[in-house]
Structures are given as structure tokens and as C-alpha cells.
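Q: Sharing a sequence plus its predicted fold:
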Amino acid sequence: MNMLKHTLTALLALAASSAWAADTADQQLIKQGEYLSRAGDCIACHTAQGGKPFAGGLGIDSPLGMIYSTNITPDKETGIGEYTLEDFDQAVRHGVAKDGHSLYPAMPYTAYAKVSPDDVKALYAYFMHGVEPVNQANKDTDIVWPLSMRWPLGIWRWMFSPDPVEAAAAPASASTEAGQAEVLRGKYLVEGLGHCSTCHTPRGVALQEKALTDADGSEFLSGGVVEGWLAKNLRGDATDGLGSWSKEDIVAFLKGGMNKHSATFGGMSQVVADSTQHLNDADLNAIAAYLKTLSPLNKDATQALAYDETASVAFRSGKANSEGALDFLNNCAACHRTTGKGYEQTFPQLALSSTVNSEDPTSLIHIVLKGAQLPGTTAAPTQYGMPAFDWRLTDKEVASVLTFVRSNWGNKAPAVTADQVAKVREEVGAKPQPVR
């Protein structure tokens, strides 16, 4: 009898231990999925302003019309609660919904195709068991017929979407150098879950990204215009890319939204707030290491610009009397200083800035007209902001001050025209220019 009792006790203990181990494994998988959802910034697109997390309803403006993100909470009626792992994988990596219709590439499945099946499994565990279900019906698109027909998207997927990877990349061997393993991890995050090319790569006539990897060509991550902002060149160009940024500069930017070169603005502010600030240091360093391997788009753009103090001297001596210089003095100098160097970690420098020196001035015009605010992050909780000047400056004045900024302190970028300002003013819904 005692022997039977001891045996039953041992079996119960073993069962309890196994259940605990399974529960622990499940919790670890959910936790991993939560981290990966941060890396993928899923919350940014699948949460409407003021809405519940992942319940969808956010309007995404596309050239075809407004597309609304879907409910990806585990609600069985309106969300993905009835999705199997295979259904989830088909949507995330293949661009096909549970009912078989093709998804618009506003969902970056062309990048998620590079996500490993194991990571998809972790994401599925998180969205099924770590997210609160929300009963919220999905919205139809505002795309008019015949552009609203879904069947052409199947052709689009066949033409432009890569086949999903079948397994995770082979782990680094003992002989693999640490630096090489770090770069490979960064490549995986940038090209896959991070889907950086969705914004930072120019698109072709069919709205496809012109390159999905660096192997596809140097247009990969060379910059693209999204929602009235220029998502900057992330390649090694010294003038308008990351050529003059160190690996540490990139990590600081992704972690806190600012470094000695620049401050985040536009959609990138939300990326930092919702995604990159939550990544661990190893992954941030891996992303930076990979980005630093990208060659310049312009092979002649490896020489860094040099600071020129001519404008600073002119301001000090009272000889800076051009229209652009006076507009800068009256509107910008208090924060960005007459030296163009700003205040480190507070107000970004304009001198030698890769944003200032970008060929396309869209972001600069947008910032001047509508203003911008830094995200509050754990690393940099203070939210510095720039006011909007749409009500104060005419199109001609905005063009004048930006042309001044882009041609002084060593900056060498094309002039900005009043017509360019007028176009951006209309596109971003800025206030009408003042009447002089």
C-alpha cells in the first residue's frame, strides 16, 4: 500500500512538474512574441488614435484610397480568434487572409516573408494569448470600384512578393566572428520584422518597392516619400545618408529619438516610441551594424561636408541681410543658433545635417509648416517640440529661409521654391499662407 501511495505521489508530482514546465514554456513563447511584435511595430498600424490596442481601424492613406487596418485581437467574431497558426502565417508572410482574399501591401508581407516560422509561432502565441480581445468590426476601404477589386492583388503578390523563408537562418557557428553574427542579426531585423524598406525605399509604377534587400540594388533603403515626409536615405552616403553617423549614433537615435546629428520627426517618431526604444541593446547594435554595411547610393558621396563659418561671422557682424538670413534670424535662430549648430540633445543642428542636405526638401518644408515634437522615451523622456509656422510664413518666405539653411554652414543642397512649399502645404493640410 505504501509503495502504491509513493508511486501515485511521484506520478502526481511529475504531472504537476510537466504542467508547470509547459506553462512556463508557453509564457516564454508569449513573452517572445510580445517582443517580436515590438520589433515589427504591429501596434502602430493596427491601433486607431484613441482606440484599443490592435483593434484596427487606423486609416492608411494610399494612392488608391484610404485603407483601414484590421482587428488583430483574438476576438472570435471581429478579430483573428478563429485563425489557426497556418491561417496567421498565410496572412503575415503570404499576404492572404483566412477567407482567401489577398491583402493590400499596406500590410508589409513582402518584408515579413523573411520572418522565420519560429518567430511567426511566437507572434501567434502572443496575439492569441497575450492580447485582450476586442469586439470591433473592421472597416471597408474607401477605394472606389474598379480599383477596389481584390483579384489584381493576387497578380501583384505573384510579381513582387518573395517566397517566405522555410526556416530560420542557420545559427552562427563557433568559427563565425561576433561582428559577422551581429550584422546577420541586424539584416534579419531590418529586412524582416522591422520592414524598414516599406518607408525608406522608393517605389515603382506598380507601387512596389524597387528593392527588398541590398542584393537587389542600391535603391534599397535609399529614401522614399511617405505621407508628406521624406523617409531618409539609410545608406552610406556622407551627405544625406548615414555615412557620417557612427554605430553609436544610430543606436542613440533608435533608443531615444535623437543624437548629435538629428532628431526624429514624422512617422519615425512613432516608430521610436512604439518599437525601437523597446528593443534590447544587442538588437539595436545589430541593426546599426547592418546599416553601416550599406554602400552609398551615390558612389561619389563618401566625402563628408565641412563646416563653414561664413554665415556665423556675417550674423555676428550684422552683415547677414539677405531675405533668407533675416527670416532665419527672426524665426529660427533662438533654437538653432546663428552658428546652425543648435543645442546638442535639445534642438538639432542644421549645419551638415543629412536631413537638411537631402535632395528632396519635403520633410524640411513639412516641419516648418506643421512643426514637430520628439517622442517621450525612457532614454530621453523630455518631449522637445518645434512650433508650426504655416500661419506665420508665406510660401515664398518658407522657401527663402530653407534655401538659406540648405546653402550655409557647409550645407550644399538645392534651393527650395515657393511652388514646392505650396504643394506640400496643400498635401499636409497646413493652414493657408498669411496675406502680406
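A: It's in. Model, not experiment: these values are computed from the prediction. Numbering: from 1, shown residues only.
Q: which parts of stretch 352-369 are buried?
A: 352-358, 360-369 (16 or more other Cβ atoms under 10 Å). Bear in mind the C-beta positions are built from the backbone N, C-alpha and C, glycine included.
Q: Find the residue ranges of the stretch 1-150 of the chain scoring beneath the pLDDT cut-off.
A: 1-25 (pLDDT under 70).
Q: Which of the buried residues of stretch 352-369 fall within helices?
A: Those of those mapping onto helices are 362, 363, 364, 365, 366, 367, 368, 369, per DSSP state H.
Q: Between those residues, which sits nearest residue 254?
A: Residue 254 lies nearest to residue 363 out of these, by Cβ to Cβ, at 18.1 Å.
Q: Thought residue 354 was touching that closest one, still the case?
A: No: counting by Cβ atoms under 8 Å, residue 363 stays clear of residue 354, with 10.9 Å between them.
Q: Overlap of the contact sets of these two?
A: Both residue 363 and residue 354 are contacted by residue 232, under the criterion Cβ atoms under 8 Å, 6 or more residues apart in numbering.
Q: What separation is there between residue 401 and residue 371?
A: Per Cβ to Cβ, to the nearest Å, residue 401 is found 15 Å from residue 371.
Q: ok, back up a step: now pLDDT too, for the ones in helices among the buried residues of stretch 352-369, in CSV please.
A: Output for those, formatted as CSV (pLDDT from 0 to 100):
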residue, pLDDT
362, 96
363, 95
364, 96
365, 97
366, 97
367, 96
368, 97
369, 98
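Q: Tabulate those residues (CSV), appending distance to residue 231.
A: Below are these laid out as CSV (distance: Cβ to Cβ, whole Å):
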residue, distance to residue 231
362, 10
363, 9
364, 14
365, 15
366, 12
367, 14
368, 18
369, 18
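Q: Nearest to residue 188 among these?
A: Of these, the one sitting nearest to residue 188 (Cβ to Cβ) turns out to be residue 363, at 28.2 Å.
Q: got the contact list for that closest one?
A: Contacts of residue 363 by Cβ under 8 Å, 6+ apart are 229, 230, 232, 265, 266, 355.
Q: go again using 6 Å as the cut-off
A: 229, 230 (Cβ atoms under 6 Å, 6 or more residues apart in numbering).
Q: How about residue 88?
A: Contacts of residue 88 (Cβ under 6 Å, 6+ apart): residue 124.
Q: how about a cut-off of 8 Å?
A: 80, 120, 123, 124, 127.
Q: Now residue 327, what are its backbone angles?
A: Here is the backbone geometry of residue 327 (degrees, to the nearest 10): phi -60, psi -40.
Q: Retrieve the pLDDT associated with the residue lying closest to it once chain neighbours are set aside.
A: In space, and not counting its chain neighbours, residue 327 is closest to residue 401: 4.1 Å by Cβ to Cβ, 6 or more residues apart in numbering. On pLDDT, residue 401 comes in at 98.
Q: And what about residue 401, helix, strand or coil?
A: helix (DSSP: H, G, I helix; E, B strand; the rest coil).
Q: just checking, residue 267 touches residue 226?
A: Yes: look at residue 267 against residue 226 with Cβ under 8 Å: they come within range, at 6.4 Å.
Q: Give me the common contacts of these two.
A: Contacts common to residue 267 and residue 226, judged by Cβ under 8 Å, 6+ apart, are residue 199.
Q: which stretches of the chain form strands?
A: Applying DSSP state E to the chain gives strands spanning 59-62, 65-68, 224-226, 229-231, 372-373, 385-386.
Q: now these in JSON lines, with distance to residue 203?
A: Listed next are the strands of the chain as JSON lines, based on distance: least, Cβ to Cβ, whole Å:
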{"stretch": "strand 59-62", "distance to residue 203": "11"}
{"stretch": "strand 65-68", "distance to residue 203": "15"}
{"stretch": "strand 224-226", "distance to residue 203": "6"}
{"stretch": "strand 229-231", "distance to residue 203": "11"}
{"stretch": "strand 372-373", "distance to residue 203": "24"}
{"stretch": "strand 385-386", "distance to residue 203": "29"}
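Q: in stretch 203-220, what's buried?
A: Of the residues in stretch 203-220, those buried (16+ other Cβ under 10 Å) are 203, 208, 209, 210, 211, 212, 213, 214, 218, 219, 220.
Q: Ok, stretch 217-232 next?
A: 218-224, 226, 228-232.
Q: where along the stretch 1-150 of the chain do the helices fall?
A: Per DSSP state H, counting those that start in this stretch, the stretch 1-150 of the chain carries helices over the ranges 2-39, 42-45, 85-89, 109-112, 117-129.
Q: Output stretch 318-337 as CSV, restricted to C-alpha atoms.
A: Output of stretch 318-337 as CSV, limited to C-alpha atoms (Å, rounded to 0.1, in the frame of the first residue of the first chain):
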residue,chain,number,x,y,z
GLY,A,318,25.5,92.4,-38.7
LYS,A,319,26.1,91.7,-42.3
ALA,A,320,23.7,88.9,-42.8
ASN,A,321,21.0,90.9,-44.5
SER,A,322,19.6,88.6,-47.2
GLU,A,323,15.8,87.8,-47.0
GLY,A,324,16.6,84.2,-46.1
ALA,A,325,19.1,85.2,-43.4
LEU,A,326,16.7,87.7,-41.8
ASP,A,327,13.8,85.2,-41.9
PHE,A,328,16.1,82.7,-40.2
LEU,A,329,17.2,85.2,-37.6
ASN,A,330,13.6,86.2,-36.8
ASN,A,331,12.1,82.7,-36.7
CYS,A,332,14.8,80.0,-36.2
ALA,A,333,18.0,81.4,-34.6
ALA,A,334,16.7,81.2,-31.0
CYS,A,335,16.7,77.4,-31.0
HIS,A,336,19.1,76.5,-33.9
ARG,A,337,21.5,79.4,-33.2
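Q: in that stretch, what's buried?
A: 320, 324, 325, 327, 328, 329, 331, 332, 336, 337.
Q: Out of the residues you listed, flag the one nearest to residue 392.
A: residue 331 (7.3 Å).
Q: correct me, but that closest one touches residue 400?
A: No: using Cβ under 8 Å as the test, residue 331 is too far from residue 400 to be in contact (10.8 Å).
Q: Please enumerate the shared neighbours of these two.
A: Counting by Cβ under 8 Å, 6+ apart, nothing touches both residue 331 and residue 400.
Q: Check what contacts stretch 142-152 and list those residues.
A: With Cβ under 8 Å, 6+ apart as the test, stretch 142-152 has contacts from 62, 64, 65, 66, 67, 101, 102, 141.
Q: Let's see that with 7 Å instead.
A: For stretch 142-152, the external contacting residues (Cβ atoms under 7 Å, 6 or more residues apart in numbering) are 64, 65, 66, 101, 102, 141.
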